[in-house]
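Participant: Build the 3D model from these lines:
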Amino acid sequence: MLEKILSEKEINFNKLEKEIFKIGCEYAQRLMVNIFKMIDDELANNRDKRIFRHKGKRKTTLKTLMGEVEFERNIYETRSLEGEKAFVYLLDRVMDFKTFGKISTNLAHKISENACICSFRNSAKNITELTGQSISHGGVWNVVQSLGAKIKETENEYSELAANGEIYGQKETKVLFEEADGVWINIQGKDRPKKGRKLEMKVAVAYDGWEKHGKNRYELRNKIAVAGYDRSKEFQKRKEGIISSMFNTDEIAMRILNGDGGSWIKAGLIDDTVHYQLDPFHLNREIIRTVKDKEQKDAIMKMLSEKRIEDVLIYIKAIEVITEDNERKAKLEKLYQYLSNNKEGLIPYKERGIKLPSPPEGVEYRQLGTMEHHICDIIAQRMKHRKTSWSISGSEKLGKILTQKVCKTLYEKITQLSKIILPEEYTREIKEVISAAKMPLQTGKGYKYPITGKIPFEETYVTNGRDVIQSMLKDRKAIDLVYR
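Facilitator: This next block holds a predicted model:
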């Protein structure tokens, strides 16, 4: 193929680059198949035949970064711990396959990451052009829906465990900061509400402080996020589940909650350890939108800065009384009610004299007000500002992926959720691998499963096959082709 291109009078760099990339992907596919075969043969030769009875080979295809890799692997009949018949692929267990359906973890990550920033059609185009794998926009949609559903299942499990006090995260903090807001999403078809065409997706984030990462640049520490269309009570339960999956909630002595005054947000005021603050962005926006007179507006802002909350309410009511324009009067009444309903949150938490526990070294407690930025980053850029409309289920599943991306845990979550999908008749797997590491004292046979972080077969019998596999895996150039 290269000879043909090089023989042409004019060499087009773009064409040459694509052809070389294609050849590299084809080589990497063959290399992966060869490695799988060598390891599978080694397992077959060294297995304990009394425990694992060979039942032939089965074909499978994995969609990877270098394209589709089709290969055969041995399947064995064994017995579960309960004595029931079960089938297992030893290759899957030894290689610790990380796949999402029949799509590798790396490819699933690339697909979902693209889907977070552009349309499914453009995502498919990007994946097809930038990897060796051709995929349709429908394929991208399927990955997003499947991954989003699995993330929601995990959230549901966390919610139930947290409700029963059965889950405690590893992170410990005395103070937890929470912020919440909603974003209105265009809904399509039969899912569309009876009134209007939009539905509010609830979004919340939590973190335990700020870390400085440069001059005037801070990042939220240990950030988690959650999004969904749940009703208020269920959303609070879901949020608590996700918080409990990261933080040991028994150690949290105080929470600071920042929101726009929505009833579903204030439902998080569960006890006197939670201090509510009206989001500064929403507070200032409502005042600026309603009070057009500069002197009146400056007077309100001055009273707020001096913490004269009752005077602010009296002043706004006085303006309303003297205003003759009915439309303006109605807006002032609405502003009065808004501030009155959120009176307890009008003074920023840092100006209330609340005694906070000292932050850990390297951590700061700063002013709240990041939620509008999060709404933009998590949901709005992808789902709101492109004249798109969504189904409830489809938009929520994408929202789940977007929350993982903004928390920089998307790859970790995909890896956590992925596993090889076997044909239905072979899905009953043994609960515990019967490793030959436990068998030599009884039979003197078998192989030892590789320990995480070590080269496969490093601590097992020396055979020609083992030497070949180890030498290939030690070859840095070959391993880069396969796994990057």
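Participant: Name the SS class of the closest residue to Ser134 other than its chain neighbours, please.
Facilitator: Excluding its sequence neighbours, the residue lying closest to Ser134 (C-beta to C-beta, 6 or more residues apart in numbering) is Thr128, at 4.9 Å. Using the backbone N, CA and C atoms, a C-beta is placed for each residue, glycine as well. Here Thr128 is helix, with the state taken from DSSP: H, G, I helix; E, B strand; the rest coil.
Participant: same check, this time on Ala225
Facilitator: Three-state call for Ala225 (three-state DSSP): strand.
Participant: Who is it paired with across the strands?
Facilitator: Going by DSSP bridges, Ala225 is paired in beta bridges with Val205.
Participant: pretty sure it is in contact with Asp181, am I right?
Facilitator: No: here Ala225 does not reach Asp181: they are 11.5 Å apart, not a contact under C-beta atoms under 8 Å.
Participant: Mind listing the shared neighbours of those two?
Facilitator: Val203, His374 (C-beta atoms under 8 Å, 6 or more residues apart in numbering).
Participant: What's the local residue count around Lys294?
Facilitator: Here the number of neighbours of Lys294 (other C-beta atoms under 10 Å) works out to 8.
Participant: Model confidence for it, exactly?
Facilitator: pLDDT for Lys294: 93.
Participant: quick one: low-confidence parts of the protein?
Facilitator: 1-11, 96-101, 418-484 (pLDDT under 70).
Participant: tell me the centre residue of it?
Facilitator: Centroid-nearest residue in the chain, with C-alpha atoms, centre = their mean: Gln404, separated by 2.1 Å.
Participant: what's near enough to touch that residue?
Facilitator: Ile151, Ala225, Leu410, Lys413.
Participant: which one of the residues you listed has the most neighbours?
Facilitator: Ala225 (24 neighbours).
Participant: now the strands: where do they sit in this protein?
Facilitator: 53-64, 67-79, 85-88, 99-101, 103-104, 175-186, 198-207, 210-212, 218-220, 224-228, 254-259, 274-278, 363-364, 419-420 (DSSP state E).
Participant: out of these, nearest to Gly169?
Facilitator: Checking these against Gly169 by C-beta to C-beta gives strand 224-228 as the closest, at 9.3 Å.
Participant: roughly how far apart are the residue lying closest to Lys22 once chain neighbours are set aside and Asn106?
Facilitator: Leaving aside its sequence neighbours, Lys22 sits nearest to Gly132 (C-beta to C-beta, 6+ apart; 7.0 Å). According to C-beta to C-beta, to the nearest Å, Gly132 stands 12 Å off from Asn106.
Participant: Which residues belonging to the helix ranked longest in the chain are considered buried?
Facilitator: Determined from DSSP state H, the single longest helix within the chain is helix 13-46. Using 16 or more other C-beta atoms under 10 Å as the test for burial, helix 13-46 gives 25, 28-29, 31-32, 35-36, 38-40, 42-44, 46.
Participant: Output those in JSON lines; the columns should cover distance to Val321.
Facilitator: Output for those, formatted as JSON lines (distance: C-beta to C-beta, whole Å):
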{"residue": "Cys25", "distance to Val321": "75"}
{"residue": "Ala28", "distance to Val321": "77"}
{"residue": "Gln29", "distance to Val321": "78"}
{"residue": "Leu31", "distance to Val321": "81"}
{"residue": "Met32", "distance to Val321": "78"}
{"residue": "Ile35", "distance to Val321": "82"}
{"residue": "Phe36", "distance to Val321": "81"}
{"residue": "Met38", "distance to Val321": "87"}
{"residue": "Ile39", "distance to Val321": "83"}
{"residue": "Asp40", "distance to Val321": "84"}
{"residue": "Glu42", "distance to Val321": "88"}
{"residue": "Leu43", "distance to Val321": "85"}
{"residue": "Ala44", "distance to Val321": "89"}
{"residue": "Asn46", "distance to Val321": "90"}
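Participant: out of those residues, which one sits closest to Gly56?
Facilitator: The closest of the buried residues of helix 13-46, once distances to Gly56 are taken by C-beta to C-beta, is Ala44, at 11.2 Å.
Participant: Quick one: neighbours of the residue nearest to the closest one when sequence neighbours are not counted, just the number.
Facilitator: Excluding the flanking residues, the one nearest Ala44 by C-beta to C-beta, 6+ apart is Asn74, at 5.3 Å. Asn74 has 19 neighbours, counted by other C-beta under 10 Å.
Participant: Correct me if wrong: Asn74 contacts Asp40.
Facilitator: Yes: look at Asn74 against Asp40 with C-beta under 8 Å: they come within range, at 5.6 Å.
Participant: and for the two, which residues touch both?
Facilitator: Common neighbours of Asn74 and Asp40 (C-beta under 8 Å, 6+ apart) are Leu90, Leu91.
Participant: wait, what's in contact with the closest residue to Ala267 other than its chain neighbours?
Facilitator: Closest residue in space to Ala267, ignoring its immediate chain neighbours: Ser232 at 4.9 Å, by C-beta to C-beta, 6+ apart. Ser232 makes contacts with Ser263, Trp264, Ala267, as judged by C-beta under 8 Å, 6+ apart.
Participant: just the buried members of these?
Facilitator: In the contacts of Ser232, the ones that pass as buried (16+ other C-beta under 10 Å) are Trp264.
Participant: That's all I had, so thanks and see you.
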